[in-house]
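1. my questions concern the predicted model and sequence given below.
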Amino acid sequence: MAAMQRKALGFTWIELLLVLAVFAVLAAMAIPGFRDAALRKQVAEGMALAAIAKQGVQAAWSAKGEMPADNAGAALPPRDKIVGNLVKDVNVAEGAVTLTFGNNAASALQGKRVTVRPAVVADQPVVPIAWLCHAVPVPKGMEVRGKDETDIPPAFLPVECRGTGAAK
């Protein structure tokens, strides 16, 4: 009688497989989020290299009242000489600063670009430049200069680059 009252302890194979299946489904849903976060982090880190070019553009605008046509006009080295761990070149064109990802960037970012464009108060070079990333709307009373060459998918762009309005 005592042997019949004893209950087996532990899990059956079916219960164990169901728990593993639930974990597998949860992991499959989480992995794309981790990938997107890692790519956003790389883009944000790469954008720090734009600071060098922004300073040159600001100096040219303050001194001459016009946007530099290229890297030389902004007193910067050639585009392929401004490099970093994630960025293979930084190009200035009509004041806009475009970073091209490469080097050690993820394969999804290789050859992709992000542009920050200067927004200025016309004929007022004393007023500092407001830098607009990709689709961010132009502030009232300002004009944006340069062309947006961003081709990185919006999901990988930092929050400050995902504007609510269309780029002008």
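-> Sure, I can see it.

2. give the buried residues for the lengthiest helix in the chain.
-> With secondary structure taken from DSSP state H, the chain has its longest helix at helix 13-47. Buried residues in helix 13-47, counted by 16 or more other CB atoms under 10 Å: 39, 40, 42, 43, 44, 46, 47. Every C-beta, even on glycine, is put in place using the N, C-alpha and C of the backbone.

3. return the list of helices and strands in contact with that helix.
-> strand 96-101, strand 113-120 (3 or more CB pairs under 8 Å, 6 or more residues apart in numbering; DSSP states H and E).

4. now that helix: mean pLDDT?
-> Per-region confidence: helix 13-47 scores 88 on mean pLDDT.

5. just after it, pick out the following helix or strand.
-> Proceeding N to C from helix 13-47, the next assigned helix or strand is helix 50-64, under DSSP states H and E.

6. who's in contact with residue 129?
-> Neighbouring residues of residue 129 by CB atoms under 8 Å, 6 or more residues apart in numbering: 54, 57, 58, 61, 118, 119, 120.

7. ranking by neighbours, what's the top pick from the residues you listed?
-> residue 57 (29 neighbours; other CB atoms under 10 Å).

8. need the contact list for that residue.
-> Per CB under 8 Å, 6+ apart, neighbours of residue 57: 67, 68, 74, 92, 95, 97, 118, 129.

9. quick check, nearest of those residues to residue 12?
-> Nearest to residue 12 out of these is residue 97 (CB to CB; 62.0 Å).

10. phi, psi of residue 70?
-> phi -160, psi -170 (degrees, to the nearest 10).

11. tell me where the model's unsure across the protein.
-> Within the chain, the stretches with pLDDT under 70 are 1-8, 164-168.

12. so for stretch 63-74, what gets flagged as buried?
-> Quick answer for stretch 63-74 (16+ other CB under 10 Å): 67, 68, 71, 73, 74.
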